[in-house]
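Okay, sequence plus prediction incoming.
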Amino acid sequence: MRRLLVLGGGAWGTALALLARRAGAVPHLWARDPEIAASINERHENPLFLPGIALDPAIAASSDLAASIAGAEALVVAVPAQFVRALLDRLAPAIPEGLPLLLCSKGIELASGKTMSELAQEILPRSPLAVLSGPSFALEVARDLPAAVVIASHDPALARHFIAAFANPRFRPYLSGDPIGAEIGGAVKNVIAIACGIVQGRGLGNNARAAVITRGLAEMIRLGLAKGGRAETMSGLSGLGDLVLTCSGGLSRNHALGLALGRGESLERALEGRRSVVEGVATAPAVVGLAARLGVEMPIAQAVEAVLHRGASIDAMTTQLLQRPYRSE
């Protein structure tokens, strides 16, 4: 598995192309924006999403989706979660039967409540699937700083092929047989990171932040189990690991959004001028809707969704969470 087509010209897609090249693969990058593709081909840089990061000249890019598929041995999906369905719908007529997919988008589709692997199974039922998730800021990966992630699939051989396609001495993928658990962790952590940012922006202290992370993990595990995932998956890199990173790292877009909200900015103002998608904004109502259908209690996620989309007061939501009935942990 050497010829990889990475779908998505943002920071994460570009970092994944860099990783694949470091591991000896020959990646091709599809970017929707022709200017990004041109810059990668001519300047060997993605100035919009990874400025200052030199790209290997062997990484080629294109904005022509149909032409990009030719010769690909696997597809690496790295577009924002809410755009995955439209992309796969476009790809479906051109994808050879059995072409493997590695899903690297973290989120739950708002309209359907489906994870990315469930979407892919619906649209491309004959394509074998794997999921990549875990604590991995794109900029740090691109800078070749150490990181460890999870590649999860029901097909261990496929997961090992993808591990071989991306692993290097500075990037360590672990094998998992629980793609649903990995996806739930990757989605819910963005919502909890917004809550942690709100806590910091509101000046509620480190005790409150630790409580949100811990109880947020409990919510993640409840939802993951209800979806058929494993508790140990969500206690690992693709759950707790990604949660800790996104709730504390300065590069977290979701945490930064929560920080702005906590300081009194409106959602519209906090999102103004951002090039990269803040996944938690759409994932919050998707998670809350999915939890309601499965009968799973997720009060922190519900509070975040109410602040983002229902005009709820942060102070009122804080009081509501603290005044919930006392119970066993």
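Done, it's in.

And what about Val288, helix, strand or coil?
helix (DSSP: H, G, I helix; E, B strand; the rest coil).

what's the weakest-modelled helix or strand in this structure?
Lowest by mean pLDDT, DSSP states H and E among the helices and strands of the chain is helix 65-69, with a mean of 90.

partner strands of the helix or strand that that helix is followed by, parallel or antiparallel?
Counting by DSSP states H and E, the element after helix 65-69 in chain order, helix or strand, is strand 74-77. Strand 74-77 sits in its sheet next to strand 3-7 (parallel), strand 101-103 (parallel), going by DSSP bridges.

on that earlier part again, using PDB, write down the CA coordinates of the least confident helix or strand of the chain.
Taking only C-alpha atoms (Å, rounded to 0.1, in the frame of the first residue of the first chain), the coordinates of helix 65-69 have been written out as PDB:
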ATOM      1  CA  LEU A  65     -11.100  14.700  -7.800                       C
ATOM      2  CA  ALA A  66     -11.800  12.200 -10.600                       C
ATOM      3  CA  ALA A  67      -8.200  12.400 -12.000                       C
ATOM      4  CA  SER A  68      -6.700  12.000  -8.500                       C
ATOM      5  CA  ILE A  69      -8.200   8.600  -7.900                       C
END
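
What are the buried residues along it?
For helix 65-69, a neighbour-count test (16 or more other CB atoms under 10 Å) marks Leu65, Ser68, Ile69 as buried. Glycine gets a C-beta too; all of them are placed from N, C-alpha and C.

Pick out whichever of those residues sits closest to Glu45.
Nearest to Glu45 out of these is Ser68 (CB to CB; 19.5 Å).

residues touching the closest one, list them.
Ser68 sits next to Leu5, His28, Trp30, Ser62 when contact means CB atoms under 8 Å, 6 or more residues apart in numbering.

And Ala61, its phi and psi?
Backbone torsions of Ala61, given as degrees, to the nearest 10, read phi -140, psi 160.

Surely it touches Ile36?
Yes. The pair Ala61 and Ile36 passes the contact test of CB atoms under 8 Å, sitting 7.0 Å apart.

Same drill for those two, tell me which one is more crowded.
Neighbour count, other CB atoms under 10 Å: between Ala61 and Ile36, Ala61 has more, with 26 against 23.
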